[in-house]
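Asks: Give me a model of this one.
(one chain, ligands or ions: 1)
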Amino acid sequence: MDMTLLASDFAVRIDGVDLSQPLDDADFNRLRDLWMRYKVAVFRDQSLEDDHLLALARRFGRLFVHVQSQLVSPDHKEVMYATNRETKAPVRGVLEWHTDQSYTPKPVFGTILYGIEIPDHGGETLFADLSAAYDSLPDDLRRRVEGLTAVFSPVKPGHERRAPLRADQLEEIPDVTHPLVRTHPYLDRKALYLSPNHIKAIGGLPQQESDALLADLTAHAIRPEHVYCHEWRPGDVLMWDNTSVMHRRNDFPPDQPRFHKRTGFYLPEELGIPA
Ligand SMILES: [Fe+2]
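Replies: Numbers count the residues shown, from 1 in each chain. Now for the predicted structure:
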């Protein structure tokens, strides 16, 4: 197992692993350590069936199932399809900065995204290192965010979802409050817990002030030195830690096929609530 750093002290490419094969405990632990330390792990030239993806994710934790059943694979509810090949809920355009399922009480810990069909340009996934962003906050901003909470919503006004939530689905995920600074569940490491696509309000501030603070924090977090931009190739598998990075998808040509499969896994129950 070889590793290559892809950005400034985060995002790592791991070579010499075939994810379709079961990993022995030593390899699994090494992979998990690297992933947690570097927040984003990239594997190339993989060829995975749904069962492989699920077996890999299950090694890390209880499997994530998306509340929107119309987005999941017909065969496995734990595998989500992100594609523009069918019309039910096609992936298109930009997906703004966010952390996965931050609008739920116990958000998914890791997300695994497997690229199968990739447009010839565009559609990159960008990651922002929210731990480095926290560490490098100017003093005045760090003082402001300490102890603050934010309200996260799956339906922030002005932010359209790929597939609108049905009323019954929406009922399952009312707005939720999380700390704005989060400590990694296993490492002694703090990070901003940012999801600009979902944060509606910060710390009881007047809306304008809240929006301005969110904009300042986001601008700081996505400075080039905190960002890794992944240009996809078919067979790429990306795995990221939603406690420590946020991500975004760039626009891509709608007339070219794009198909990813996504799985995710939760933290153990007792560590699940962001703190
Ligand atoms: Fe996402």
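Asks: ok but Thr218 is inside a helix, no?
Replies: Yes: counting by DSSP: H, G, I helix; E, B strand; the rest coil, Thr218 falls inside a helix.
Asks: Which residue is the nearest non-sequential neighbour of it?
Replies: With sequence-adjacent residues excluded and distances taken as Cβ to Cβ, 6 or more residues apart in numbering, Thr218 is closest to Pro196, at 4.9 Å. Every C-beta, even on glycine, is put in place using the N, C-alpha and C of the backbone.
Asks: Tell me which helix or strand that neighbour sits in.
Replies: Counting by DSSP states H and E, no helix or strand carries Pro196.
Asks: That one: neighbouring residues, count only.
Replies: Residues within reach of Pro196, counting by other Cβ atoms under 10 Å, total 19.
Asks: Relative to Met246, how far out is it?
Replies: Look at Pro196 and Met246: by Cβ to Cβ, to the nearest Å, they are 8 Å apart.
Asks: which neighbours do the two share?
Replies: Trp97, His98 (Cβ atoms under 8 Å, 6 or more residues apart in numbering).
Asks: Report the next helix or strand after the helix or strand bottoming out on mean pLDDT in the chain in sequence order.
Replies: Lowest by mean pLDDT, DSSP states H and E among the helices and strands of the chain is helix 167-172, with a mean of 78. Per DSSP H and E, the first helix or strand lying C-terminal to helix 167-172 is strand 176-179.
Asks: Next secondary structure after that next one?
Replies: strand 181-183.
Asks: Break down the stretch 51-200 of the chain into its helices, ranges please.
Replies: 130-135, 139-145, 167-172 (DSSP state H, counting those that start in this stretch).
Asks: Could you say which of those helices is packed most deeply?
Replies: Neighbour counts (mean count of other Cβ atoms under 10 Å) averaged over each of these peak at helix 130-135, with a mean of 23.
Asks: show me the residues around Met36 that make contact.
Replies: Met36 touches His184, Tyr186, Leu187, Asp241, counting by Cβ under 8 Å, 6+ apart.
Asks: meant to ask about Thr99, not that
Replies: Taking Cβ under 8 Å, 6+ apart as the criterion, Thr99 is in contact with Pro107, Tyr193, Leu194, Ser195, His198, Asn242, Val245, Met246, His247.
Asks: so the first one makes contact with Asn242?
Replies: Yes: with contact defined as Cβ atoms under 8 Å, Pro107 and Asn242 form a contacting pair (6.1 Å).
Asks: list residues touching both of these two?
Replies: Thr99, Asp100, Gln101.
Asks: Tell me the pLDDT of the closest residue to Val12 other than its chain neighbours.
Replies: The shortest distance from Val12 to any non-neighbouring residue, by Cβ to Cβ, 6+ apart, is to Tyr38 (4.0 Å). Confidence at Tyr38, expressed as pLDDT, is 98.
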